[in-house]
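Chemist: Generate coordinates for the sequence data below:
(one chain, ligands or ions: 1)
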Amino acid sequence: MEEYRLPKLPYEYGALEPYIDEATMRLHHSKHHQAYVDKFNAALASVPEFRAKVKSAEKLLEDLNAVPESIRAAVRNHGGGAVNHSFFWSVLSGERQSPQGEVSQEIGRKFGGIEKFKEAFSASAAGVFGSGWCWLVAGAGGLEIMTTPNQDSPLSFGKKPLLALDVWEHAYYLKYQNRRTDYIAAWWNVVNWEQVEKNFRLAMKR
Ligand SMILES: [Fe+2]
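Modeler: Numbers count the residues shown, from 1 in each chain. Purely as a prediction, here's the structure:
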């Protein structure tokens with residue numbers, strides 16, 4: 001695979017105000033995400049023959065056991081960080097959106113309604129100990145809420161992410177300090193439900 005590139009955000013740094021502030025977005029994307037990308041690329045550069053055979057960063061995360069041991073932890077942490085953040089930016093939007101489409105119906109069926117789903121997801125996100133992520137994923141049993149520690153990806157557990165929430169302190173501390181639950185409540189206002197629906201349709205096609 002080629003070098004992993006930091007994706008350009010599909011909106012301005014200030015587009016998610018007031019829910020996620022511009023300073024946090026700038027730092028999160030240009031410093032934190034960039035650092036994961038750089039360290040991921042450095043790890044891959046140390047195994048050029050293996051790297052040449054790699055199809056994508058996502059494929060690497062889907063099968064960590066196939067990754068050379070010398071870079072396995074770096075791929076899990078920095079590759080995970082690179083991919084997770086690219087995904088995270090894609091499921092955020094400055095245009096206020098409502099749950100829509102088939103994914104909205106499926107959430108309703110699985111969780112007993114959108115509000116119940118939001119409650120369960122918010123509780124899971126609030127309950128992540130230390131640094132990690134909360135996800136809506138498609139797995140063998142349909143839709144699930146799952147959490148991962150650090151930069152672990154649902155892809156490494158055979159799940160397809162549909163929606164992600166970064167609950168590392170770097171994602172909210174500037175504006176919300178220790179009030180993670182306030183950040184979570186605000187974050188629902190910037191979910192890109194149109195993208196979640198696209199992710200759902202793609203996941204169902206496999
Ligand atoms: Fe982050």
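Chemist: residues in contact with residue 22?
Modeler: Contact analysis of residue 22 by C-beta atoms under 8 Å, 6 or more residues apart in numbering lists 13, 14. Every C-beta, even on glycine, is put in place using the N, C-alpha and C of the backbone.
Chemist: Next: residue 79.
Modeler: Residue 79 touches 4, 36, 40, 43, 57, 60, 61, counting by C-beta under 8 Å, 6+ apart.
Chemist: and it, that's in a helix?
Modeler: Yes: according to DSSP: H, G, I helix; E, B strand; the rest coil, residue 79 belongs to a helix.
Chemist: one step back: of the contacts of residue 79, closest to residue 27?
Modeler: residue 36 (13.4 Å; C-beta to C-beta).
Chemist: Quick check, pLDDT for that closest one.
Modeler: What the model reports for residue 36 is a pLDDT of 98.
Chemist: Shouldn't it be within a helix?
Modeler: Yes: Residue 36: assigned to a helix according to three-state DSSP.
Chemist: What pLDDT is listed against the nearest residue to it once chain neighbours are set aside?
Modeler: Of all residues not flanking residue 36 in the chain, residue 81 sits nearest, at 3.1 Å (C-beta to C-beta, 6 or more residues apart in numbering). Per-residue confidence (pLDDT) for residue 81: 98.
Chemist: What is the neighbour count of residue 81?
Modeler: Close neighbours of residue 81, defined as other C-beta atoms under 10 Å, add up to 22.
Chemist: same check, this time on residue 73
Modeler: Quick note: residue 73 (other C-beta under 10 Å) scores 12 neighbours.
Chemist: Repeat that for residue 35.
Modeler: 14.
Chemist: Now do the contacts for it.
Modeler: Counted by C-beta under 8 Å, 6+ apart, residue 35 has contacts residue 81.
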